[in-house]
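Participant: got a structure for you, letters missing:
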């Protein structure tokens, strides 16, 4: 058997022969990328059972089939050129040839108008910033690639932007973006998250950002991981949430069934709710929810632009026209995501308000909407507030309980597919090393 070793920053070091392990029965909570990756690492030598509350696998990477024609992610996803662990996984599953690199054009909806902001000429024409402000903003973005993020964890994004680009650029460009993504929490978000976000999205040329996507959709990755797990003898229990997690003597009981070890990829707050006998509680990290609507339309609403950030107040923060990124021919209709974030609970009537606002702003008649599906995840991801780094829990909680997910250090300070895969692999590695 072979496995991959990782250094402190998650880079692949080498392949090595696995040592002999005592066979364990391991329960994994959640079938997202972290849970499936952990399962793949463990299933050769151990009995693995994965619990998933939904009827389809994938977690935030789950997909839905439309009109028996195409399958699409319920939340939009793409990868980046530095995602080495993702590429290694694609190689292992025989999917690397399906990875394609596409250009993601951008725009900004401000003052009632959609402004394209992809090419240098379009940026120069943008009327909401002066030429001097555009130059200052451009130099700031370029600097993000080399900045040390460590000291920025204690500084708010607002404070940092005030210092680096000034109040006017902050109010005209960044404040609407932070408001649409974090709402009332926008002033608590750290500069570390902001700069990481800018840096990871700076792989761009004159035609737009360079982003990776899988031919036919990311469901092919999830399907291949599930199939490989089944080949290894792992069991995936769909529609079966973990209801209780109890430590009894030297075993963990998941819904009353005994396991030697557990890896939870659920948000810490959810894992805490399962622990019934006073076991060690995890930090109650701040999360936000996502309400993402998928629309099938008869025409393109954003004039060829893939990613439109909403500068004007709206019940969604971005309009992501997927078919201005992936080929239209794959779908036979224009596919659009409307992305909205919330704290605690989504607003009532959100779906209708999103549709009404979208149709009004982008001159869409409702008869042009073929379907509209609203996907809600109350724990879409952690909010990287100042001081977040010091609150990140270790993967090894103790008593053979391990955790991995979007809250893990591998996903700090910006979550990604790469980070979730690495978090799952490392949690599995810690478990194996501790039980040699």
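Facilitator: Cool, got the structure. Note that the coordinates shown come from a computational prediction; the quantities given were computed from them, not determined experimentally.

Participant: you'd agree residue 323 is up against residue 331?
Facilitator: Yes - with contacts counted by Cβ atoms under 8 Å, residue 323 reaches residue 331, the gap being 5.9 Å. Using the backbone N, CA and C atoms, a C-beta is placed for each residue, glycine as well.

Participant: residue furthest from the geometric center of the protein?
Facilitator: residue 249 (36.6 Å; Cα atoms, centre = their mean).

Participant: Could you give the backbone dihedrals for that one?
Facilitator: phi 60, psi -120 (degrees, to the nearest 10).

Participant: Can you classify residue 139 by secondary structure?
Facilitator: Secondary structure for residue 139, judged by DSSP: H, G, I helix; E, B strand; the rest coil, is helix.

Participant: Helices of the stretch 1-150 of the chain, residue ranges please.
Facilitator: Applying DSSP state H, counting those that start in this stretch to the stretch 1-150 of the chain gives helices spanning 33-42, 84-92, 120-125, 131-143.

Participant: could you point out the longest strand in the protein?
Facilitator: Secondary structure of the chain per DSSP state E: the longest strand is strand 369-382.

Participant: outside of it, which residues touch it?
Facilitator: Here strand 369-382 makes contact (Cβ atoms under 8 Å, 6 or more residues apart in numbering) with 60, 64, 66-67, 74-75, 266-267, 269-270, 285-298, 333, 341, 345-346, 350-351, 354-355, 359, 388, 406-407, 415.

Participant: What residues sit buried inside that strand?
Facilitator: Neighbour counts using 16 or more other Cβ atoms under 10 Å place 369, 372, 374-382 of strand 369-382 among the buried residues.

Participant: what lines up beside that strand in the sheet?
Facilitator: If you go by DSSP bridges, strand 369-382 pairs up with strand 287-297 (antiparallel).

Participant: so what's residue 368 closest to, chain neighbours aside?
Facilitator: Nearest residue to residue 368, sequence neighbours excluded (Cβ to Cβ, 6 or more residues apart in numbering): residue 298, at 4.6 Å.

Participant: For this structure, give me the ranges with low pLDDT.
Facilitator: 1-21, 202-207, 277-279 (pLDDT under 70).

Participant: Just want the phi and psi numbers for the residue nearest to residue 35 when sequence neighbours are not counted.
Facilitator: Excluding the flanking residues, the one nearest residue 35 by Cβ to Cβ, 6+ apart is residue 265, at 4.3 Å. Recorded main-chain torsions at residue 265 are phi -110, psi 10, according to degrees, to the nearest 10.

Participant: Count the residues that sit near residue 91.
Facilitator: 12 (other Cβ atoms under 10 Å).

Participant: quick one: it and residue 32, what's the gap?
Facilitator: Separation of residue 91 from residue 32 (Cβ to Cβ, to the nearest Å) stands at 21 Å.

Participant: dump the residue contacts of the residue farthest from the centre of the chain.
Facilitator: Per Cβ under 8 Å, 6+ apart, neighbours of residue 249: none.

Participant: Lovely, talk soon.
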